[in-house]
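*Asks:* sequence and computational prediction follow.
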Amino acid sequence: MGYFRENIEKAKGYEPGFQPKQADVLKLNTNENPYPPSPAVMKILAQISAEQLRRYPDPVGQEFRQAAAKVNGVSADCIMCCNGGDDLLGIAFRAFCDETRPVAYPAPTYSLYPVLAKLQNCKVIEIPFDNEFNLPAKLASTDAALTIVSNPNAPTGTFVSLEELASLADELSAVLLIDEAYVDFAEKNCTMLVKDLDNVIILRSMSKGYSLAGIRFGYAIAQPELISGLMKVKDSYNVDAVATAVATAAIKDQEYFKENVEKVKMERERLAAELRALKFEVPDSAANFVLAINKNCKANEIYDKLVKRNIYIRYFDLPGLEDKIRISVGTSEQNDTLLLALKEILSEEIASLRSQ
Ligand SMILES: Cc1ncc(COP(=O)(O)O)c(C=O)c1O
């Protein structure tokens, strides 16, 4: 017998996107924001005192809760701070799922969900999206204790309407977690649902819209009863003093945030249009990445050829995703470099087909 519980022994573990060490690569593989965080963040960081480091942090990050509550038009007791959105996902699996309490989600989606299910040893009810990535109706009639919908969805970038999510939450007798890690780049979000529905948890991340992937900060929005239940499950000091100060400065600077988000959205539309001109199929994206499908090329071959040019994108060796690549939206220069490389790769591909 091994040292680990059987399900841990058998688990593969999450495989994060590749983080290259060299600085001179074009990194469009893990959906970071291409622009730096707010100058207010850098100022706060420079002012961190030894005393802030010596003491334990505020266990609930009240300063951030108040700032996030103001931005979202809810009260501070509707907010729970997390060590990145992933921390909230771990907390939710521990709070709601076990051997007799399954999780359900539409697929394909964020590849961390099945990994957390394995750790928790809970059954997974995976319901496939249709070809247009519409929300599967069957999601409303499972016996799951936790249903998760990533909206915008990763890795497709597609968006489900608030009306559909409201009626799903209404039909479910258990918890619906709406993973809004990418919602800063969408036209709408689900905050309003929390006001009327006591079974909805919204996940937000400071990694994408606020350019803070390096500090690890995210938060939950839900009614106070759900928040206090989740608080019982979190680590006692799950957000540190530096991250809390930095995330608070970032969320308070809404002007800088909105400017950056607009730049990313504009580039996303241009990138999608240029990829379509290269004969990629690109579903409309509400996130800071696009999914590009090319039935004539294998995603892993495009990936390898881009790596040879020092360009990193993401592909997933998973059912239904073999012919798809996911590209994070970069600055316009970065996107131009990627598009030029893709043009070269596709014309090499055509030339080799002709010579066969
Ligand atoms: C769908 C989705 N949810 C949640 C997260 C968690 O983000 P973070 O832990 O960086 O806040 C990610 C990260 O890539 C994601 O893609």
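*Replies:* Good, I have the coordinates. Numbers count the residues shown, from 1 in each chain.
*Asks:* for stretch 123-131, which positions count as buried?
*Replies:* 123, 124, 125, 127, 129 (16 or more other C-beta atoms under 10 Å). In short, each C-beta sits where N, CA and C put it, glycine included.
*Asks:* burial measure for the nearest residue to the last one once chain neighbours are set aside, as a count.
*Replies:* Excluding its sequence neighbours, the residue lying closest to residue 129 (C-beta to C-beta, 6 or more residues apart in numbering) is residue 106, at 5.1 Å. Residues contacting residue 106 under the criterion other C-beta atoms under 10 Å number 23.
*Asks:* show me what the helix or strand hosting residue 106 is packed against.
*Replies:* In this structure, residue 106 sits in strand 103-107 according to DSSP states H and E. In terms of contacts (3 or more C-beta pairs under 8 Å, 6 or more residues apart in numbering; DSSP states H and E), strand 103-107 is packed against helix 112-120, strand 124-128, strand 146-150.
*Asks:* how about 6 Å then?
*Replies:* In this structure, strand 103-107 packs against strand 124-128, strand 146-150, with contacts taken as 3 or more C-beta pairs under 6 Å, 6 or more residues apart in numbering; DSSP states H and E.
*Asks:* what lines up beside it in the sheet?
*Replies:* Note on strand 103-107: by DSSP bridges, its sheet partners are strand 124-128 (parallel), strand 146-150 (parallel).
*Asks:* mean pLDDT and distance to the ligand added to those strands, as a markdown table?
*Replies:* A markdown table is the format used below for the strands paired with strand 103-107 (pLDDT from 0 to 100; distance: least, C-beta to the nearest ligand atom, whole Å):
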| stretch | mean pLDDT | distance to the ligand |
| --- | --- | --- |
| strand 124-128 | 97 | 15 |
| strand 146-150 | 98 | 4 |
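*Asks:* redo the ones you listed as JSON lines? Include distance to residue 285.
*Replies:* JSON lines is the format used below for the strands paired with strand 103-107 (distance: least, C-beta to C-beta, whole Å):
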{"stretch": "strand 124-128", "distance to residue 285": "20"}
{"stretch": "strand 146-150", "distance to residue 285": "13"}
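*Asks:* now for these, which one comes closest to residue 33?
*Replies:* Among the strands paired with strand 103-107, strand 146-150 comes nearest to residue 33, with 18.2 Å by C-beta to C-beta.
*Asks:* list the contacts of whichever helix or strand comes after the closest one.
*Replies:* Sequence-wise, the next helix or strand downstream of strand 146-150 (DSSP H and E) is helix 162-171. The contact list for helix 162-171 (C-beta atoms under 6 Å, 6 or more residues apart in numbering) reads 135, 140, 176, 188, 190, 193, 197, 199, 200.
*Asks:* let me see the contact set for the fifth one.
*Replies:* Think residue 190. Residue 190 makes contacts with 162, 165, 178, 202, as judged by C-beta under 6 Å, 6+ apart.
*Asks:* which of those residues are buried?
*Replies:* Members of the contacts of residue 190 classed as buried by 16+ other C-beta under 10 Å are 162, 165, 178, 202.
*Asks:* distance of residue 4 from the ligand?
*Replies:* Separation of residue 4 from the ligand (C-beta to the nearest ligand atom, to the nearest Å): 24 Å.
*Asks:* burial measure for that residue, as a count.
*Replies:* Number of residues near residue 4 (other C-beta under 10 Å) recorded here: 10.
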